[in-house]
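[1] prediction below, plus the sequence it came from.
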Amino acid sequence: MSDQEDMVALGRWTINRRLLPIKLFYFFMIAAVGDLLPFIPLYMKQIGLSSTQTGIIYGIMPFVGFLVRPIIGALLDKFQKHKLGLILCILFSGVFYMLMLVIPSDTTSYMSVETKISCNEYDSYIHDCFQNQSNECPLGFESLRLSLNKTHHSTISNLSLSIHGENSSAPYSVIPSETIDSYPKTSCSVICKPITQFPGEVCFTDQPELKQCLGEQTSPANLEFMIYDILGSTKEVIADRQVVGNLECLDFSMHNVTVGQRKYWNMFCDHETEFNCHLKCDLGVSEQCVTKYAHVIRDKFILFLVIYLFANIAFAPVLSMGDAIAYDILGDSQRGKWGKQRLFGTVGFMLFALSSTFIMYEISSSNKEIDFSVSFYIFGVLCAIAMISVWMMSVSGNISSKNIMVHIWSVMKHPQIVMFLCVIFFFGIYTGAIETFLFWYLEEETVGYFQVIPGLCLAIACSTETILLFVSGTIIKRVGHLTCIYIVFVAYAIRMISYSFLDSVFGVLPIEVLHGITFGIMWATSTSYASIISPPGISGTVQGLLGGIHFGFGKGVGSLLTGWLYKETGMRWAWRIYGISSLVLLIVYFIVNKTVFKKSATEMVENQRELDVATHVHTEPSRGKGKYKKDKSVTTNHLNEQPEIEPLVNGTEEVPMATDSRNKV
């Protein structure tokens, strides 16, 4: 059927009936991706999974996709049931992702309190600043004390002691024993993040001051302890009270803190360090600022892992099979139109990533508690519409693929290609860190977080990625492939280090503009550069490895490594480590290219010329007619192996390789 026969007039618009199902598939399937998948780490955090558990789960899944795609592709090639296979994969993806909603979690309610704690070699104290008469949530520490005292109609004597000097001393106020017994014993768990640039090591001890830590020494990155009697263990230091306008700042001495199963009298730091702290205090005496906290025990973690594993097995081949079917429908004569079909997916991703964020914001009861269920339901509906669009497709039944894995050892013989793939591996690590933990970090460690921030970040990132992908060819032509890769290193360094210094959550929005460089320019340059440095016959293998190493191994290692760094160093230092490593790798790669691979420059130029000639369609006038005919005399291996550059959305898709449904790794 010709294009003219496929066209249907609809008012002022004309629609290609044959290509319409492809557009609908990309729009609704990738819209489903944007609606749910970027928010899965936040959902995991909300149901109680730790950063380490999240890193493990997200670290495993890219490897699963790497293994599953070629296996399912081979099965579909053998039975030529690509259409049915795609429908079933979408169906099971929707089912397993929605099953995550039924995972039970033990929910505990607590009073949410936020304050600051300062410590040094001589003491530690709570430093609480608040607006007079402020009853906003979360509570400040003084508001918590007032609430507890008001509820029980009791007062606590204050301690007149200045705690900011090494040799300071003052008389203690003595509280009668009957008063001590009368006030409520409210317990609070304390989680602190350092805000000092270079925090000191923390020591919990019974010593009166820190000379040598004889108790428990711990990293300040993720400080956690308990105070089982918040009123009895903290006393206001009257001498340190400050009032500036409507802002009042109070200091409270802090003793009797519990780490693990051991109680210590003091908490010290080897130098002055300040922390932002979140207290979760028992209910029963006050119902102010109640927040629900979900914690997942080991068995439930395993249940989540199993469900998420099956969801990823089902989803892994969906987009690659969709690409293969799309190329089959387009045929050789219209392969150049693939990008226009895929663009509908980019639009769907942006629309639903942003709209689902606002919907969750509107239906959620508080700024800290997000109701993710609506995103899961929308995901199921979008998957159902995507299945209908696949059912509408007309597939030839002649989709086939070649196994690129047999050529891997041939690739390993080329040091320049191996070095380049190592660079792509590190880019994958950075991508995995951002996709898994950026929103988690923004929620925990920045001021002013609210629920629409993830949607705004995704919209900005997706927009800049799309724009730079469209102009990437011009940029690469003007500055060169290697220069573009060097620019990506610099952009990653700026992006990561900028994350580490964020105070206000809105500061992340201009940083996300760099996603256009760190992904859009990076991927366009990588696919093009890989085709140039690849000798004839293995270009397809290199392109397949490119996607597998970045989206599979790189992202997997990035998620695992970042989960560990989050726990050991804190996320701010994890971002800094990644930023510094990007600059170090830039220097190493630049030196290697200028020394070791300098002799390969001439060969690269020849490969580029050969590729340019091969991909150029020569035309000449036909005799006696004003038409042109194709000159098929110039062909090379690169012509058949060169993939088209794909506009990617948030790292959820790879490069299409002709009509290959199993080699998309």
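    Arrived safely, thanks for sending.

[2] when you work out contacts or count neighbours from here on, use the C-alpha atoms and nothing else.
    OK.

[3] any buried residues in stretch 440-459, and which?
    440-443, 445-446, 449-459 (16 or more other Cα atoms under 10 Å).

[4] and it, average pLDDT?
    Mean per-residue pLDDT for stretch 440-459: 81.

[5] now tell me what touches it from outside.
    With Cα atoms under 8 Å, 6 or more residues apart in numbering as the contact definition, stretch 440-459 has outside contacts at 39, 41-42, 45, 193, 350-351, 353-358, 360-361, 367-368, 370, 439, 502-506, 508-509, 512, 571, 650.

[6] show me where the stretch 51-200 of the chain dips below the pLDDT cut-off.
    104-109, 131-138, 150-184 (pLDDT under 70).

[7] before we move on, what about the stretch 501-650 of the chain?
    Counting by pLDDT under 70, the stretch 501-650 of the chain contains low-confidence residues at 537-541, 543-544, 598-650.

[8] filter the contacts of stretch 440-459 to the buried ones?
    39, 41-42, 45, 193, 350-351, 353-358, 360-361, 368, 370, 439, 502, 505-506, 508-509, 512, 571, 650.

[9] excluding chain neighbours, what is closest to the residue most central in space within the chain?
    The structure's the chain has its C-alpha centroid closest to residue 435; by Cα atoms, centre = their mean the separation is 1.5 Å. Nearest residue to residue 435, sequence neighbours excluded (Cα to Cα, 6 or more residues apart in numbering): residue 38, at 7.1 Å.

[10] what count of nearby residues applies to that neighbour?
    19 (other Cα atoms under 10 Å).

[11] if I look at it, how far off is residue 436?
    8 Å (Cα to Cα, to the nearest Å).

[12] again with residue 576
    16 Å.

[13] can you check residue 118 too?
    According to Cα to Cα, residue 118 and residue 436 sit 31 Å apart.

[14] try residue 498
    Separation of residue 498 from residue 436 (Cα to Cα) stands at 17 Å.

[15] compare these two (neighbour count), which wins?
    residue 436 (26 against 17).

[16] confirm that that one sits in a helix.
    Yes. According to DSSP: H, G, I helix; E, B strand; the rest coil, residue 436 belongs to a helix.

[17] quick check, it in contact with residue 41.
    Yes. Counting by Cα atoms under 8 Å, residue 41 is a contact partner of residue 436 at 6.0 Å.

[18] how about the nearest residue to residue 352, chain neighbours excluded?
    residue 35 (5.1 Å).

[19] contacts only, for residue 271.
    Neighbour list for residue 271: 119-121, 199-201 [criterion: Cα under 8 Å, 6+ apart].

[20] narrow these to those in strands?
    residue 119 (DSSP state E).

[21] among the contacts of residue 271, which one lies nearest to residue 590?
    residue 199 (34.2 Å; Cα to Cα).

[22] what values do phi and psi take at the closest one?
    phi -70, psi 150 (degrees, to the nearest 10).

[23] what do you get for residue 247?
    Residue torsions, per degrees, to the nearest 10, at residue 247 are phi -100, psi 130.

[24] returning to that earlier point: what is in contact with residue 436 and residue 41 at once?
    In contact with both residue 436 and residue 41: residue 54, using Cα under 8 Å, 6+ apart.

[25] assign a three-state SS to residue 417, would you?
    Here residue 417 is recorded as helix under three-state DSSP.

[26] I'd assumed residue 533 was in contact with it.
    Yes. Counting by Cα under 8 Å, residue 533 is a contact partner of residue 417 at 6.8 Å.

[27] looking at these two, which is more packed in?
    Neighbour totals were compared for residue 417 and residue 533, and residue 533 leads with 22 against 18 (other Cα under 10 Å).

[28] how far away is the more buried one from residue 560?
    Going from residue 533 to residue 560 by Cα to Cα gives 31 Å.

[29] the strands in the stretch 251-400 of the chain, which residues?
    257-259, 262-264, 266-269, 273-281, 290-295 (DSSP state E, counting those that start in this stretch).

[30] list the neighbouring strands of the second one plus their orientation.
    Strand pairing for strand 262-264, using DSSP bridges, gives strand 257-259 (antiparallel).

[31] what does the third one give?
    In the sheet, strand 266-269 lines up against strand 202-205 (antiparallel) (DSSP bridges).

[32] counting by contacts, list what whichever helix or strand comes after the strand it pairs with packs against.
    Per DSSP states H and E, the first helix or strand lying C-terminal to strand 202-205 is strand 216-218. For strand 216-218, the elements it packs on are strand 202-205, judged by 3 or more Cα pairs under 8 Å, 6 or more residues apart in numbering; DSSP states H and E.

[33] how far does the strand it packs on sit from the chain's center?
    34 Å (Cα atoms, centre = their mean, to the nearest Å).

[34] can you show me the CA trace of stretch 112-122 as CSV?
    The C-alpha coordinates for stretch 112-122 follow below in CSV (Å, rounded to 0.1, in the frame of the first residue of the first chain):
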residue,chain,number,x,y,z
SER,A,112,7.6,15.4,63.2
VAL,A,113,10.2,17.9,64.6
GLU,A,114,13.0,19.7,62.8
THR,A,115,15.9,21.5,64.5
LYS,A,116,19.7,21.9,64.5
ILE,A,117,22.3,20.3,66.7
SER,A,118,25.8,21.7,67.3
CYS,A,119,28.6,19.8,68.8
ASN,A,120,32.3,20.3,69.5
GLU,A,121,35.1,18.9,71.8
TYR,A,122,33.4,20.0,75.0
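
[35] what's it in contact with?
    124-129, 137-141, 144, 165-166, 208-211, 267-281, 289-291.

[36] show me which of those residues are buried.
    Buried members of these, counted by 16+ other Cα under 10 Å: 124-129, 137-141, 144, 209-210, 267-270, 272-281, 289-291.

[37] ok, residue 588 - how many residues close by?
    When neighbours are counted by other Cα under 10 Å, residue 588 registers 12.

[38] that one sits in which helix or strand?
    helix 571-595.

[39] how about that helix: buried residues?
    Buried, per 16+ other Cα under 10 Å, within helix 571-595: 571-583, 586, 589, 593.

[40] can you tell me what sits against it?
    For helix 571-595, the surrounding residues in contact (Cα under 8 Å, 6+ apart) are 430, 441, 486, 489-490, 492-497, 499-501, 562, 565-566.

[41] quick one: distance of that helix to the chain centre.
    Relative to its chain's centre, helix 571-595 lies at 20 Å (Cα atoms, centre = their mean).

[42] next one: stretch 456-472
    Put simply, stretch 456-472 sits 16 Å off its chain's centre (Cα atoms, centre = their mean).

[43] would you put the C-alpha positions of that stretch in CSV?
    Coordinates of each C-alpha in stretch 456-472 appear next as CSV, following Å, rounded to 0.1, in the frame of the first residue of the first chain:
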residue,chain,number,x,y,z
LEU,A,456,9.4,20.1,37.1
CYS,A,457,12.9,18.5,37.0
LEU,A,458,11.8,15.9,34.5
ALA,A,459,10.1,18.5,32.3
ILE,A,460,13.2,20.7,32.2
ALA,A,461,15.6,17.7,31.6
CYS,A,462,13.4,16.2,28.9
SER,A,463,13.0,19.6,27.1
THR,A,464,16.7,20.4,27.0
GLU,A,465,17.5,16.8,26.0
THR,A,466,15.1,17.0,23.0
ILE,A,467,16.4,20.4,21.9
LEU,A,468,20.1,19.4,22.1
LEU,A,469,19.4,16.1,20.3
PHE,A,470,18.0,18.0,17.4
VAL,A,471,21.0,20.3,17.1
SER,A,472,23.6,17.7,18.2
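
[44] I appreciate the help and will end here.
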